[in-house]
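**Student:** Next come a sequence and a model predicted from it.
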Amino acid sequence: MKIVITLLGSLGGIFVITKKNIKIEIENIASQILYHKKLYYKGKSIISDAEYDALEQKLKELAPNHPVLSLVGYPFSETNNKISHNLPMLSLAKTYSIEDLFEFINKYECVAMDKIDGMALSIEYDENGNFLRASTRGNGKFGEDVTEHVYHIKDISKKIILNSSGKYKIEIRGEVYFPLSEFPKFTDRFDSFRNAVPGTLGRKDVEEAVDVLRVLKFCVYDILVFDKDDNYIPARNFSKIFSIESDYFEKINILESLSFITETSHISEINNIKNVENLTTFLKELYSIERDYQIDGIVFRLRDEIIWESLGNTAHHPRGSLAFKQAGETAETEIQAIEVNVGRSGKISFRAKLNPVYLSGAKISYATLHNAEFIEQGEYAVGAKVEIIRSGEVIPAILRLVEPAEKKFKLPSICLCGSLLTRKGPDLLCLDNKNCTFKDQESLVYYVSSLDIMGVSDKIIMKIREAGLVQEPADFYKLNVEDLLQIEGFAQKSSENVVAAIQASRQIPLAKFLTSLGLKRGGAVKCQEVAKKCGTLNNTLKLSVEDLLSEKGWAQKSAEDFVESLKNKEHVIENLLKFVTVLNDDSGIITDQQKNHPYFGKNICITGALSRPREEYKAMLEKAGAKLVSSVSSKTDFLVCNETSSSSKYKDAIKHNVQILSEVEFSDKL
Ligand SMILES: NC(=O)c1ccc[n+]([C@@H]2O[C@H](COP(=O)([O-])OP(=O)(O)OC[C@H]3O[C@@H](n4cnc5c(N)ncnc54)[C@H](O)[C@@H]3O)[C@@H](O)[C@H]2O)c1
Ligand SMILES: [Zn+2]
């Protein structure tokens, strides 16, 4: 009976259900799952987790024993080096139901911890605590060898010191992730921070990925111990060796004593949860914590390690852990139009204009349709009814097709510029670099948006561009109010604001100026490095490939691309310099004043309410040569905080003996 309802529900029509229909439906869902898994583990997912989980759920209902359901991960490729895991690295059991979760934690005493949305890594050390090798989870049995990559990840110790040194081999498991605060510097390279980690660890050319690897963070959640002959030491003996209770918190303490970072994972004790309401409040609090990473759930794990282990594993997950996930709110609507956009690189992207609906309080009029393949696979077309979702990861996305349109959508064969489009994998591309002004349009948007000109949105720039008022970045500075008033939708006040904002942005720091040019391989981080090295625009224009190669993190191809694309922009730069002043970069010069500053070279974390904006303090600290960090670890020098708060940063500071300063004490020395 359940099957009938599900099928009718999903297809929205009445028809005779035959065994054959169900079989086709099952294989159809299974192949969709495989397809999305493959994209996801390459860091190229095109649907949200909720969409994906709904597919798995549907398959579970139709065919609970389908082999696709016990697949862990998805191998990257057949050619890369594989590392066999000592013990399988599994998935987690998941639930979206608070009732099910309550039942689980009522049955067993658990701890709650963040399910960080990154990628699982296994890090192995030899008997003497030397870093041996690192691997991804892969298919659970074999992972990809990422040893070389891991050398550049600062959070991962390359030497650990155990008191039982010489006897045991150690394996650490944890999540490597991209801190959210660092992401804006890399938007030219990755569509989302989620793609950034697999995209970086999947690169064969490690040198090319060094700047990303350097900002990656690692949060541990498990430690495994083996004897010299690689025999696994079970939890009960583990406790004996380290003379600890069979308690997850004690295990975490060991990890911390090995100087691994665990505090960012917000592992919480679970107390006094007597009913579903208590649990709801507890979850609400956990979800509202400010973090520098995205979570895709909360993991509940048995607190007693021996019992956790005795429950064992299914082929897919350990029985002693359960991940709680939050479903996004969904709504049904109709696709009114499919809009096409040409990216800077010539990639065609699509979005659906929707019959507006409200989701979690926000009016949604558009949803992304990603690329050509996504449209084909989903049979999306004008008039189709779709269910959309607003979830943490992809906002907002189409969850599924509710009712197909009468007519299929015909993918375009020519670009907006008139040139023929080329199909490459899932994408349609315009390869016409000479005549495609639509790519330029994107460059113009890029120029203004990377300068953060207040009040000038991408939409405004598009309108100005469409009116033919700007052809190149320098033209923005020639705009006047009268010009703008001719464009539909521009009123006196808004036109004045736009012109004023543009005119106010004529002093541009070198790093920002270089970034705004949209140079090949010239993302914000790389441009910052170049600016620091060169100091002035003049020096930058004289850069040679060899100069760049002498710096860390540049490979031949990227250095060539950068230098060449800077050369190609000479004319654009020349014109811009008639209007803007490029400020020299003195970040490479350490002044005596900085050297003598009490905060020079210190890692400082600020939390809670302060009397002045945090940005202001940040600027002052940067000037003093200090570093503002977003979480407290053993490497932090000071935590600035006004009250003895119960915040996790405060607790972390106490735990790591980090000096706590009040705002007054702190600003006295600034
Ligand atoms: N959007 C898509 O197209 C798509 C496709 C496939 C899978 N997915 C998503 O991926 C997930 C399933 O795949 P999965 O098997 O890789 O992951 P999972 O959800 O089963 O979780 C296991 C992983 O969680 C991570 N993790 C983070 N914090 C942890 C902690 N404290 N303890 C233990 N593990 C922790 C580890 O990397 C571990 O490998 C689902 O959430 C699913 O929605 C999405
Ligand atoms: Zn084109």
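**Tutor:** It's in. Ligands and ions are numbered 1, 2, ... in the order given.

**Student:** pLDDT score assigned to the residue lying closest to residue 570 once chain neighbours are set aside?
**Tutor:** In space, and not counting its chain neighbours, residue 570 is closest to residue 541: 7.6 Å by CB to CB, 6 or more residues apart in numbering. From N, CA and C alone the C-beta is placed, and that goes for glycine too. Among the per-residue scores, residue 541 shows a pLDDT of 95.

**Student:** What residues sit buried inside the helix or strand harbouring residue 60?
**Tutor:** In this structure, residue 60 sits in helix 49-62 according to DSSP states H and E. When neighbours are counted by 16 or more other CB atoms under 10 Å, the buried residues of helix 49-62 are found to be 49, 50, 51, 52, 54, 55, 56, 58, 59, 62.

**Student:** Verify the contact between the second one and residue 389 for me.
**Tutor:** It stands for residue 50. Yes: using CB atoms under 8 Å, residue 50 is in contact with residue 389, at 5.4 Å.

**Student:** Mind telling me what element residue 428 is part of?
**Tutor:** Secondary-structure assignment from DSSP H and E places residue 428 in strand 427-430.

**Student:** hmm, who's touching that strand?
**Tutor:** Outside strand 427-430, the residues that touch it by CB atoms under 8 Å, 6 or more residues apart in numbering are 342, 345-348, 371-373, 411-412, 415, 417, 419, 421-423, 436, 438-439.

**Student:** For the helix holding residue 60, output the C-alpha coordinates as PDB.
**Tutor:** Coordinates of each C-alpha in helix 49-62 appear next as PDB, following Å, rounded to 0.1, in the frame of the first residue of the first chain:
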ATOM      1  CA  ASP A  49      21.500  17.300   0.200                       C
ATOM      2  CA  ALA A  50      17.800  17.400   0.900                       C
ATOM      3  CA  GLU A  51      17.100  16.600  -2.700                       C
ATOM      4  CA  TYR A  52      19.600  13.800  -2.700                       C
ATOM      5  CA  ASP A  53      18.400  12.400   0.600                       C
ATOM      6  CA  ALA A  54      14.800  12.400  -0.700                       C
ATOM      7  CA  LEU A  55      16.000  10.200  -3.600                       C
ATOM      8  CA  GLU A  56      17.700   7.800  -1.200                       C
ATOM      9  CA  GLN A  57      14.500   7.800   1.000                       C
ATOM     10  CA  LYS A  58      12.400   7.000  -2.000                       C
ATOM     11  CA  LEU A  59      14.600   4.100  -3.000                       C
ATOM     12  CA  LYS A  60      14.600   2.800   0.600                       C
ATOM     13  CA  GLU A  61      10.800   2.700   0.500                       C
ATOM     14  CA  LEU A  62      10.700   0.900  -2.800                       C
END
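
**Student:** three-state assignment of the residue lying closest to residue 222 once chain neighbours are set aside?
**Tutor:** If you skip the residues right next to it in sequence, residue 222 has residue 173 as its closest partner in space, 4.2 Å away by CB to CB, 6+ apart. The three-state assignment at residue 173 reads strand, by DSSP: H, G, I helix; E, B strand; the rest coil.

**Student:** Correct me if wrong: residue 173 contacts residue 134.
**Tutor:** No: the criterion here is CB under 8 Å, and residue 173 misses it with residue 134 at 10.6 Å.

**Student:** Now the common contact residues for these two.
**Tutor:** With contacts defined as CB under 8 Å, 6+ apart, the residues adjacent to both residue 173 and residue 134 are 121, 122, 123.

**Student:** And these, which is closest to ligand 1?
**Tutor:** residue 121 (8.2 Å; CB to the nearest ligand atom).

**Student:** which phi and psi does that closest one have?
**Tutor:** Residue 121 adopts backbone torsions of phi -130, psi 150, taken as degrees, to the nearest 10.

**Student:** beta partners of it?
**Tutor:** Each beta-bridge partner of residue 121 is listed here, defined by DSSP bridges: residue 136, residue 174.

**Student:** Which of the shared contacts of residue 173 and residue 134 sits closest to ligand 2?
**Tutor:** Here the nearest of the shared contacts of residue 173 and residue 134 to ligand 2, counting by CB to the ion, is residue 121; it sits at 40.8 Å.

**Student:** Surely that closest one touches residue 149?
**Tutor:** No: in this structure residue 121 lies outside contact range of residue 149 using CB under 8 Å: 9.3 Å.

**Student:** Need the overlap of contacts for those two.
**Tutor:** Overlap between the contact sets of residue 121 and residue 149, as judged by CB under 8 Å, 6+ apart, is given by residue 134.

**Student:** Against residue 316, how distant is whatever residue of the stretch 201-350 of the chain ends up closest to ligand 2?
**Tutor:** With CB to the ion as the measure, residue 342 is the residue of the stretch 201-350 of the chain nearest to ligand 2, at 5.4 Å. Here the criterion is CB to CB, to the nearest Å. By it, residue 342 lies 42 Å from residue 316.

**Student:** same thing with residue 260?
**Tutor:** Per CB to CB, residue 260 is found 27 Å from residue 316.

**Student:** now residue 295
**Tutor:** Remark: distance between residue 295 and residue 316 (CB to CB) = 21 Å.

**Student:** what does residue 453 give?
**Tutor:** Shown here: residue 453 relative to residue 316, a distance of 50 Å by CB to CB.

**Student:** same thing with residue 656?
**Tutor:** 37 Å.

**Student:** now residue 267
**Tutor:** For residue 267, the distance to residue 316 under the criterion CB to CB works out to 24 Å.

**Student:** repeat for residue 405
**Tutor:** If you measure residue 405 against residue 316 using CB to CB, the figure is 37 Å.

**Student:** Also compute the angle for the lengthiest strand in the chain relative to helix 49-62, please.
**Tutor:** In the chain, taking DSSP state E as the definition, the longest strand is strand 329-342. Angle of strand 329-342 versus helix 49-62, following axes from the mean of the first three to the mean of the last three CA atoms, to 10 degrees, is 120 degrees.

**Student:** Looking at residue 173 and residue 134, which has the bigger crowd around it?
**Tutor:** Taking other CB atoms under 10 Å, residue 173 and residue 134 do not tie; residue 134 has more neighbours (25 against 17).

**Student:** Quick check, pLDDT for the more buried one.
**Tutor:** According to the predicted model, the pLDDT of residue 134 comes to 95.

**Student:** OK, contacts around it?
**Tutor:** Shown in contact with residue 134 (CB under 8 Å, 6+ apart): 121, 122, 123, 124, 145, 146, 147, 149, 150, 156.

**Student:** can you pull the contacts of whichever residue of the stretch 401-550 of the chain sits closest to ligand 1?
**Tutor:** Residue nearest to ligand 1 within the stretch 401-550 of the chain (CB to the nearest ligand atom): residue 426, separated by 13.1 Å. When contacts are counted by CB under 8 Å, 6+ apart, residue 426 touches 46, 370, 371, 372, 373, 374.

**Student:** from the buried residues of helix 49-62, which are also near ligand 1?
**Tutor:** 49, 52 (CB under 6 Å from any ligand atom).

**Student:** Relative to residue 607, which of the buried residues of helix 49-62 is nearest.
**Tutor:** residue 49 (29.7 Å; CB to CB).

**Student:** so residue 409 touches residue 382, yeah?
**Tutor:** Yes: because the distance of 6.6 Å satisfies CB under 8 Å, residue 409 is recorded as touching residue 382.

**Student:** neighbour count winner among the two?
**Tutor:** Just comparing residue 409 and residue 382: by other CB under 10 Å the higher neighbour count belongs to residue 409, 21 against 16.

**Student:** tell me the secondary structure for the more buried one?
**Tutor:** Each residue gets one of three states, and residue 409 gets coil by three-state DSSP.
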